[in-house]
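J.: What shape does this take:
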Amino acid sequence: MMFETWTVVILIWANVLGGAMALPQAIKTLRTGRTEGVSTVWIGLSVGVNLWWVAYGLGVDDIGIVPVGAISVTAYSLIGLGVARALPSSARSRPVAQMVASAVAVGSVPAFALWVGGWPVAGVILGLLYGVQLSPAVVTAYRSADVSGMSASTWIIALVEAVLWGVYGLVRADSGLLALAATGIVMSVLVLARLTARRPRGRRRGHSRRLSPTGRRGVRLRPSFVGTVPIPA
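T.: Predicted coordinates:
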């Protein structure tokens, strides 16, 4: 009885965190209009994958998976709306097309898996597609010099959520959820590492030292990724 109670608690928290994962990014994008570091492909993939998690939950008769998928579809759609609103009308067509095309393309993969091997195979594919869903955000984070438009809260939630789904997947012996947990943990850690390193250490503490262009004993100073460091002349 106690074991079943803890399973329900884990499921509830996984749904709460999973549903809340994209909300900080949606709120930030809609409120500030800042889209730096936000990937339109990531948005489209996220909508497509979460629509399939809703279908998967219904298909394997695990209704506990359904709420998080439905809420996530709404949240990612709001992020897409925020990105579109932040752009001038003449520049919206391409990002919107990228989001729609990404959602349709990723949705065709579990559809084929379902046709070939049923819901068990589709579940594993969905779990692996979670990594594909998050990969544009990871790539964009590492390629962008400015990631101020990205919300760290979203990725902290994603990390905790992935751990909870992993525990629930072990209890249910659900290989799809286990695949989701593994890919979610890896991707979330990668993004959080990038966001942690987005500013020089001095600026993260709220201050920075001013250094002269030329240091002592013929040492000149050159900017680098982590700050301004002395390089021998």
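
J.: Can you give me every residue that contacts the most centrally placed residue in the chain?
T.: Centroid-nearest residue in the chain, with Cα atoms, centre = their mean: Leu134, separated by 4.8 Å. By Cβ atoms under 8 Å, 6 or more residues apart in numbering, Leu134 lies in contact with 42, 158, 183-184, 187-188, 191. Bear in mind the C-beta positions are built from the backbone N, C-alpha and C, glycine included.

J.: element containing it?
T.: Here Leu134 is covered by helix 93-143, with elements defined by DSSP states H and E.

J.: Of the contacts of Leu134, keep whichever come out buried.
T.: Neighbour-count burial within the contacts of Leu134 applies to 42, 158, 183-184, 187-188, 191; the criterion is 16 or more other Cβ atoms under 10 Å.

J.: okay if I get the residues you listed as CSV plus secondary structure, distance to Tyr56 and pLDDT?
T.: Output for the buried ones among the contacts of Leu134, formatted as CSV (DSSP: H, G, I helix; E, B strand; the rest coil; distance: Cβ to Cβ, whole Å; pLDDT from 0 to 100):
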residue, secondary structure, distance to Tyr56, pLDDT
Trp42, helix, 20, 84
Ala158, helix, 19, 86
Thr183, helix, 15, 91
Gly184, helix, 16, 91
Met187, helix, 20, 92
Ser188, helix, 21, 93
Val191, helix, 25, 91
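
J.: rewinding a little: relative to Arg31, how far out is the residue nearest to the centre of the chain?
T.: 23 Å (Cβ to Cβ, to the nearest Å).
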